[in-house]
Structure formats: structure tokens, C-alpha cells
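Novice: Task: produce atomic coordinates for the following.
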Amino acid sequence: MGKDFGFWKKGTALAAAFAALGSALGGCAEDAGTDASAERACYPVSRVVDGDTFKIDVGAKRDDTVRMLGIDTPETVKPDSPVEPYGKEASEYAKRLLTGANACLELDAGERDRYDRLLAYVYLEDGTFVNEKLVAEGYATVLTIPPNVRHADALLAAERRAREAGLGLWGRGGEADASPAP
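Specialist: Numbering: from 1, shown residues only. The predicted model follows:
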């Protein structure tokens, strides 16, 4: 597990606190198609970094970086790397979805990656599953790294539909132009 910053902890006593926080931030709709027992806490998005990474305001003038689980978008800001095909489009789409929104975060087995980014499935207040939407619209490919596999089946199904329909990055000959990065 990564560092414990005190704003994300699991436990019955804190679940009520997160529910109150979610309500204070405008609530967070639960998607009927997901695990109803999954805890989600909502935070204002302070900046979108690229198609699969953004920053949230965790209070006390602090931001935390969130990396969306189960997906990968073409790179646009990776140091010493060129912008990958369809990267700009994926980043712009993520910005349209997340700018000014509250991101409701659902953790899986692993809380943080080697870059200390919070790993999460992301929902909007209306219940939209952002990770799946990016894949379904052809802006992301599936990148599932165990033990974080809770929504792998849904993401793979969305990718299959996007590929078959030739959406987004799949519109260039049926294969994604960018290979998933670790």
C-alpha cells in the first residue's frame, strides 16, 4: 500500500464521513451496474493532466494525482517521449468529461502505483463510469494490472464494441496505434 494521507481510509466509522463528504460536495450517484458495497468518495477535479490522469483537490490547499484504473490512453505529457497518435484527442475528451466535475473514486486492491498516484475507478455524479466511457468511445485501451481487476470484464466488453465499431483510435485499420504503457 502507498502512503496514507488520511483522506482515504477504509473502515466502517470512516464510511459515514465519506458519505457526508460526498453529500457536501454535491453527492455521488452509485451506478446500479457496479458493486454496491464499493465505497466512493467524491473530490473536485482541479486539473486534467492527460487522458487517464488528473488531479483532485483533497482540501487544505493540497492536490493528489489520480491514475484511472484498467485503462491506458496514448501519451501526451510523458517526459522524453513524443505525443502518441490520438493522444491529444483522448486528453481533450478527458478534459471535457472531468473539468469542473466532482470525481467519485472507487479503489480496488492496490491503492497507489510506483509514482505514488492514487489508483481509482472514476465516476461522475450522474453515475457515468469515466474509465469505461473513455474505452467505449475509443479514447483508451484496456490495461488491467492485477490485483486491480474488479471491472476488467466491463472494460474489455467496451473495448471490443469500440474496436468493432471503429471508434476513436480503433478507426485506423482496426488496431490501436499506441501500445499500452506500463
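Novice: Centre-most residue in the chain?
Specialist: A centroid search over the chain (Cα atoms, centre = their mean) returns residue 68, at 2.8 Å, as the residue closest to the centre.
Novice: which ones are touching it?
Specialist: Going by Cβ atoms under 8 Å, 6 or more residues apart in numbering, residue 68 touches 52, 53, 120, 121, 122, 130, 131, 134. Where you see a C-beta, it was placed from the backbone N, CA and C, and this is true even at glycine.
Novice: what's the strand ranked longest in the chain packed up against?
Specialist: Among all segments of the chain classified by DSSP state E, the strand with the greatest residue count is strand 40-50. If you count contacts as 3 or more Cβ pairs under 8 Å, 6 or more residues apart in numbering; DSSP states H and E, strand 40-50 packs onto helix 12-24, strand 53-59, strand 62-68, helix 87-98, strand 102-106.
Novice: redo that, cut-off 10 Å
Specialist: With contacts defined as 3 or more Cβ pairs under 10 Å, 6 or more residues apart in numbering; DSSP states H and E, the packing partners of strand 40-50 are helix 12-24, strand 53-59, strand 62-68, helix 87-98, strand 102-106, strand 118-123.
Novice: Test my guess that residue 123 contacts residue 39.
Specialist: No: under the criterion of Cβ atoms under 10 Å, residue 123 lies out of contact with residue 39, with a separation of 11.9 Å.
Novice: Which residues are in contact with each of these two?
Specialist: The overlap between the contact sets of residue 123 and residue 39 (Cβ atoms under 10 Å, 6 or more residues apart in numbering) consists of 105, 106.
Novice: between these two, which one's more packed in?
Specialist: residue 123 (26 against 17; other Cβ atoms under 10 Å).
Novice: Next, count neighbours for the closest residue to the more buried one other than its chain neighbours.
Specialist: With Cβ to Cβ, 6 or more residues apart in numbering as the criterion, residue 123 has its nearest non-adjacent residue at 4.2 Å, and that residue is residue 104. Here the count is done by other Cβ under 10 Å, and residue 104 has 27 residues near it.
Novice: Test my guess that residue 104 contacts residue 122.
Specialist: Yes: here residue 104 lies in contact with residue 122, judged by Cβ under 10 Å, at a distance of 7.1 Å.
Novice: No further queries at this time; thank you.
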